[in-house]
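>>> structure of the sequence below:
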Amino acid sequence: MSRVGKYPVSVPSGVSVQISGSDITVKGKLGESTLTARDNVEVTLDGNLLWVKPKSETKDARMMWGTTRALLNNMVKGVSDGFTVNLEINGVGYRAAVEGKVLKLQLGYSHDIEYPIPDDITMKCEKPTAISIFGRDKRQVGQIAAEIRAFRGPEPYKGKGIKYETETILRKEGKKK
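Presented below is the predicted three-dimensional model:
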């Protein structure tokens, strides 16, 4: 069983935390995030450390202890540094471009795919075969990366498609004569 909840969340300089009842608001240079903690978890601020403690020893309280700590840690990192996911596009004629608030993808279909970029997310395409997604909410950045990857996932024979930068594609051998 994980004991991630027993470690405090360090709040860096430039980030302010406000706790009012069960609502925790974190403000930093990249914006503001809010979390409503569950009733069976207590969050306290001690100097520049955020402590999370379960109010009882029930299974649900212990589960939410670690989850709340992880969510608070992601909020603090998000408003101070942000999160980035990089995608690579492999395949002849496959490319991407950012035009205003729309990501245009050409992935071998009969039509271009236009993906609207949300307001609090930044996308860049330094090369036509690389997409960089940046934002303060780790869950949202990961969800958008997964949705873009789902348009044309990597296939195992030639490796064509969209993949995460750190992902390794297990390649298969083609037909034999």
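>>> buried stuff in the longest strand along the chain?
Counting by DSSP state E, the longest strand found in the chain is strand 83-90. For strand 83-90, a neighbour-count test (16 or more other Cβ atoms under 10 Å) marks 83, 85, 87-90 as buried. The C-beta positions use only the backbone N, C-alpha and C, and glycine is treated the same way.
>>> low-confidence regions, this structure specifically.
1-2 (pLDDT under 70).
>>> before we move on, the earlier item: how much distance is there from the longest strand of the chain to the middle of the chain?
Relative to its parent chain, strand 83-90 has a centroid offset of 12 Å by Cα atoms, centre = their mean, to the nearest Å.
>>> same check on stretch 74-82?
Worked out by Cα atoms, centre = their mean, stretch 74-82 lies 11 Å from the chain centre.
>>> got it, and stretch 36-43?
The answer for stretch 36-43 is 23 Å, by Cα atoms, centre = their mean.
>>> if we can go back for a sec, among the buried residues of strand 83-90, which one lies nearest to G135?
Of all the buried residues of strand 83-90, F83 has the smallest distance to G135: 6.3 Å, by Cβ to Cβ.
>>> how close does the spatially most central residue of the chain get to T36?
The residue lying closest to the centre of the chain (Cα atoms, centre = their mean) is K138, at 2.8 Å. Here K138 is placed at a distance of 17 Å from T36 (Cβ to Cβ, to the nearest Å).
>>> and the longest strand of the chain, what other elements does it pack with?
strand 130-135, helix 138-150, strand 161-164 (3 or more Cβ pairs under 8 Å, 6 or more residues apart in numbering; DSSP states H and E).
>>> list the helices and strands the first one packs on?
For strand 130-135, the packing partners by 3+ Cβ pairs under 8 Å, 6+ apart come out as strand 83-90, strand 121-124, helix 138-150.
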